[in-house]
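> Sharing a model that was predicted from the sequence below.
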Amino acid sequence: MHIQITTPEKIVLNEDVDSVTIPTTTGEITVLPHHIPLVSQIAPGILVMKKGGKEEDFVLQGGFVQVTEKEILILADYAVAGKDVSVAQAEDAKKRAERAMKEKANDRDFALAELEFKRAILELKAASRKRAH
């Protein structure tokens, strides 16, 4: 089965896989070949792709997934491969977001800082999963 993960900036992944576990707003779903068609909203989380007995993680934040019998199309607001996460940059982003949330200049700034904080936490989680494998 084929998967494509696309963000507004680029195509993050475009290849054949054995299975994919996707975080959705109604819970995680695992898609295997010949899965029933569906469309769902993506929740912030870690997508786990399996291919040839190996796992690869991707951080996803926002977007939608469409599953057909042969293909998984993901349109994400943000997506990055776990192997491409820089722990140092994620730690810096987390600290910046924490400071910005404490300052609370206004509701919009707080929401943006909170989003950056959640993204950094997911990236750190993906990076630690990569080291554990």
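Good, I have the coordinates.
> buried stuff in the biggest helix by length in the chain?
Identified as the longest helix of the chain according to DSSP state H is helix 107-132. Within helix 107-132, the residues that count as buried by 16 or more other C-beta atoms under 10 Å are 113, 115-117, 119-127, 129-130. (C-beta placed from N, C-alpha, C; glycine too.)
> just those residues: which has the poorest pLDDT?
Minimum pLDDT for these is recorded at Lys130 (56).
> Now the residue nearest to the spatial centre of the chain: which helix or strand?
With distances taken as C-alpha atoms, centre = their mean, the residue of the chain nearest its centroid is Leu60 (1.6 Å). Taking DSSP states H and E as the criterion, the element that holds Leu60 is strand 54-67.
> Remind me what that strand packs against, helices and strands.
Judged by 3 or more C-beta pairs under 8 Å, 6 or more residues apart in numbering; DSSP states H and E, strand 54-67 is in contact with strand 19-24, strand 38-41, strand 45-51, strand 71-81, helix 107-132.
> what packs against the shortest one?
Counting contacts by 3+ C-beta pairs under 8 Å, 6+ apart, strand 38-41 packs against strand 19-24, strand 54-67.
> Quick check: neighbours of that strand in the sheet, parallel or antiparallel?
Strand 38-41 sits in its sheet next to strand 54-67 (antiparallel), going by DSSP bridges.
> Now find how far off-centre the strand it pairs with is within its chain.
Computed by C-alpha atoms, centre = their mean, to the nearest Å, the chain-centroid distance of strand 54-67 equals 5 Å.
> got the CA positions of it in PDB?
Extracted C-alpha coordinates of strand 54-67, given in PDB (Å, rounded to 0.1, in the frame of the first residue of the first chain):
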ATOM      1  CA  LYS A  54      11.400  -1.700  10.400                       C
ATOM      2  CA  GLU A  55       9.500   1.200  12.000                       C
ATOM      3  CA  GLU A  56       9.800   4.900  11.200                       C
ATOM      4  CA  ASP A  57       8.200   7.700  13.200                       C
ATOM      5  CA  PHE A  58       6.800  11.000  11.900                       C
ATOM      6  CA  VAL A  59       5.500  13.900  14.000                       C
ATOM      7  CA  LEU A  60       2.200  15.200  12.700                       C
ATOM      8  CA  GLN A  61       0.300  18.300  13.700                       C
ATOM      9  CA  GLY A  62      -3.100  19.000  12.300                       C
ATOM     10  CA  GLY A  63      -4.600  18.000   8.900                       C
ATOM     11  CA  PHE A  64      -6.600  15.200   7.400                       C
ATOM     12  CA  VAL A  65      -6.100  11.600   6.300                       C
ATOM     13  CA  GLN A  66      -7.800   9.900   3.400                       C
ATOM     14  CA  VAL A  67      -7.600   6.100   3.200                       C
END
